[in-house]
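Student: here is my input, please return the structure:
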Amino acid sequence: MSHLPTPAINPFERLNAVDGLLINAERWLKVQEYHRQRQNLHYQALHTPGIVCGLGVKLITPNSPVPEVYKDGRGIQVQPGIAIDLQGNPIIVPQPQNLHINKRPQKDSFTVYVIVDYRDPKDLEVSSTEEMLQEKFRLDIKVRPPNNLEIEICRIVFPANKDIKITLAQDILRPGYNNLDFRHRQLATIRPQQTIKIAQLRHSDRAYGENFANLDYLLKATTGLYPQLQGCQSVELVAVSDPKLQEYDLLYLTGQNSTIEDPREIAVLQQYLATGGVLLIDGLIDANNFNQSALALTKKLGYDLKPLSKTNYLRRQPFLFAALPQSFHNQPLQMVGDRGVIMIYGNLASLWGLDENLSLSREQIRSGQELGINILHYAWQRRCFTQLQH
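Tutor: Numbers count the residues shown, from 1 in each chain. So this is what the prediction gives:
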């Protein structure tokens, strides 16, 4: 899930109804727009955009009762259903709709997206004298990802230099080329309190990406373990010099031998921490050189790391921890911190996903993920509260 924008902070204006007021079409439309805006604000504040029900996709076969133009292996039929967009507008598809993919083979593989979005009749510039106007929708096929107001129904990846022909997937949960892929559909649901965005820091140590895949496991775990806080769809890999650094709520740093030593990059990290960001330093097993380098980095940043007391926020919210989880080698993790800097001894991120030998117990993974969610929750609270006082 990407960052969901909050509703615009604009006051509502409603018609001041007094005796003798002439009600014409313009004023009646203002009354309708006022109630629509209130309804949309309610949805935006408490829910996420996505599919409510239906909107399945069928392949059009030679025996389908549709026009011949759709029977060349490129035709699909979107089934009836309901979705709600980011602004809270309901999108209702009442009848099956036929679509045809008019794309040509490409030198490289490419993806097409089947999307639906809302269309207000008054924006279509269609003159009508009918008493009732039906709200509209638009179905489309695009080669770029959907924007904020478009709802993805499915996507299809086509291979390079091959004829475009849609087929059914042998494994619906692992579709391949030419198959309908429903794995990226967003369902309308309760809006999380916050969507957190994290990144792994890229630096000179070749082991900086040791746990990159496991960060994604942690973000996905938030949906089931603590849905009030959800992670973005993917973890990014960034350098300290990246101009987008301030966008991330938490930066993850690991390695085997060294951390960040450039004074200019250290100054950037100081600014990042001052604006409410959190730096999570995760020491790998027996990475003594890295641990020493990380401690030197924290000193240069102006932080004094100390063991966490039993009342520390990281031990209590949202999951309660007395003893910390066991590491990959069944040794207790150690955690120290100071304000926005947290350092782990024992490779916490290795507990967030699957190891090659599938040797981690369910208890280790769950407790490791819960501690990780405590860290994400802390990062969210720190960023939120810091921004509120600015």
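
Student: could you report the pLDDT at residue 332?
Tutor: Looking at residue 332, its pLDDT stands at 83.

Student: what do you get for the one 10 residues further on?
Tutor: As summarised for this prediction, residue 342 has a pLDDT of 94.

Student: quick one, phi psi at it?
Tutor: The phi and psi values for residue 342, taken as degrees, to the nearest 10, are phi -120, psi 130.

Student: list the residues that contact it.
Tutor: If a contact means CB atoms under 8 Å, 6 or more residues apart in numbering, then residue 342 has 278-281, 314, 335-336, 375, 378 as its contacts. For the C-beta atoms, the positions are set from N, CA and C on the backbone; glycine is no exception.

Student: my read is that residue 217 contacts residue 351, right?
Tutor: No. Assessed by CB atoms under 8 Å, residue 217 is found out of contact with residue 351, at 9.5 Å.

Student: what touches both of those two?
Tutor: Overlap of the contact sets of residue 217 and residue 351 (by CB under 8 Å, 6+ apart) consists of residue 369.

Student: quick revisit: okay if I get the contacts of residue 342 as CSV plus distance to residue 47 and secondary structure?
Tutor: Supplementary listing: the contacts of residue 342 in CSV, determined by distance: CB to CB, whole Å; DSSP: H, G, I helix; E, B strand; the rest coil:
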residue, distance to residue 47, secondary structure
278, 28, strand
279, 33, strand
280, 31, strand
281, 37, strand
314, 30, helix
335, 36, strand
336, 40, strand
375, 27, helix
378, 26, helix
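
Student: circling back to that earlier point, of residue 217 and residue 351, who's got more company?
Tutor: Neighbours were tallied for residue 217 and for residue 351 using other CB atoms under 10 Å; the higher tally belongs to residue 351 (28 against 19).

Student: which residues touch that one?
Tutor: For residue 351, the contacting residues are 325, 327-328, 360, 364-365, 367-369, 372, by CB under 8 Å, 6+ apart.

Student: let's see that with 7 Å instead.
Tutor: Residue 351 makes contact with 325, 328, 360, 364-365, 368, according to CB atoms under 7 Å, 6 or more residues apart in numbering.

Student: mind checking how far it is from residue 250?
Tutor: 17 Å (CB to CB, to the nearest Å).

Student: how about low-confidence regions in this structure?
Tutor: Screening the chain residue by residue with the criterion pLDDT under 70, one finds the ranges 1-3, 124-129.

Student: okay, now the domains of it?
Tutor: Following automatic domain parsing, one finds the domains of the chain at 50-188, 194-388.
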